[in-house]
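Asks: Predicted model and sequence follow; I will ask about them next.
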Amino acid sequence: EDQVTQSPEALRLQEGESSSLNCSYTVSGLRGLFWYRQDPGKGPEFLFTLYSAGEEKEKERLKATLTKKESFLHITAPKPEDSATYLCAVDTSGTYKYIFGTGTRLKVLA
Amino acid sequence: EAGVTQSPTHLIKTRGQQATLRCSPISGHTSVYWYQQALGLGLQFLLWYDEGEERNRGIFPPRFSGRQFPNYSSELNVNALELEDSALYLCASSNAQRPQHFGDGTRLSIL
């Protein structure tokens, strides 16, 4: 069965304290892995798409990486405005539906 | 460019009633997806429409249904509402290039 697991469930960081969020997946065929950010009461906001192992994408303080079994979202020198829930999703071969993890709730303290 | 828009923002119903949720995709996107996000749970895939046809369906009862119109907008209908249907319903759109872009959802509350 296709499955996506995110860890940790919650993470509290001091402003400037870098860390990484993990997304591990077990799927029959990976067409793409996606990272989203979701603020309370809002829909997920697209961040990155990764298609193959070894691929990396960067945006401001965020960097996403992909291996054959997992993806990491690295947050460098986070700021309070980076506080949100970060969601990982996979698009598996032939289904065109995303399978989402349950997310990591990130809180960055000033 | 305008994003995915959903209406209404909030919807309050009672058990047994029917709810209709609406979604307008990003211009140029032909696919619309519906997801349910219940409190404390991840997004669960409901339905996928493309070019007016239902292409895939998640593991939800038949009282969850929908349609896509010629202008690619979409409706999600939920019949015989139950308390556990209370959730944030999210619509996303995409074209063949992916990825899916989401609206801010409709908060459905069942009393």
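Replies: All right, it came through fine.
Asks: quick one: low-confidence ranges for the chain?
Replies: The chain I'm using is chain A. For chain A, applying pLDDT under 70 flags the ranges A:94-96.
Asks: should've been chain B
Replies: Chain B contains residues with pLDDT under 70 at B:1, B:97.
Asks: Please identify the helix or strand for the residue nearest the centre of chain B.
Replies: Nearest to the geometric centre of chain B sits residue B:34, at 3.5 Å (Cα atoms, centre = their mean). Using DSSP states H and E, residue B:34 sits within strand B:31-37.
Asks: Just list the residues touching the residue in chain B that chain A sits nearest to, thanks.
Replies: Using Cβ to the nearest Cβ, the single residue of chain B nearest to chain A is residue B:102, 3.7 Å away. (Each C-beta comes from the backbone N, C-alpha and C, glycine too.) Residue B:102 is in contact with A:36, A:43-46, B:4, B:90-92, counting by Cβ atoms under 8 Å, 6 or more residues apart in numbering or on different chains.
Asks: circling back to that earlier point, parallel or antiparallel, which strands does the strand holding residue B:34 pair with?
Replies: strand B:43-50 (antiparallel), strand B:87-94 (antiparallel) (DSSP bridges).
Asks: Using JSON lines, lay out those together with distance to residue A:51.
Replies: Shown next, in JSON lines, are the strands paired with strand B:31-37 (distance: least, Cβ to Cβ, whole Å):
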{"stretch": "strand B:43-50", "distance to residue A:51": "20"}
{"stretch": "strand B:87-94", "distance to residue A:51": "15"}
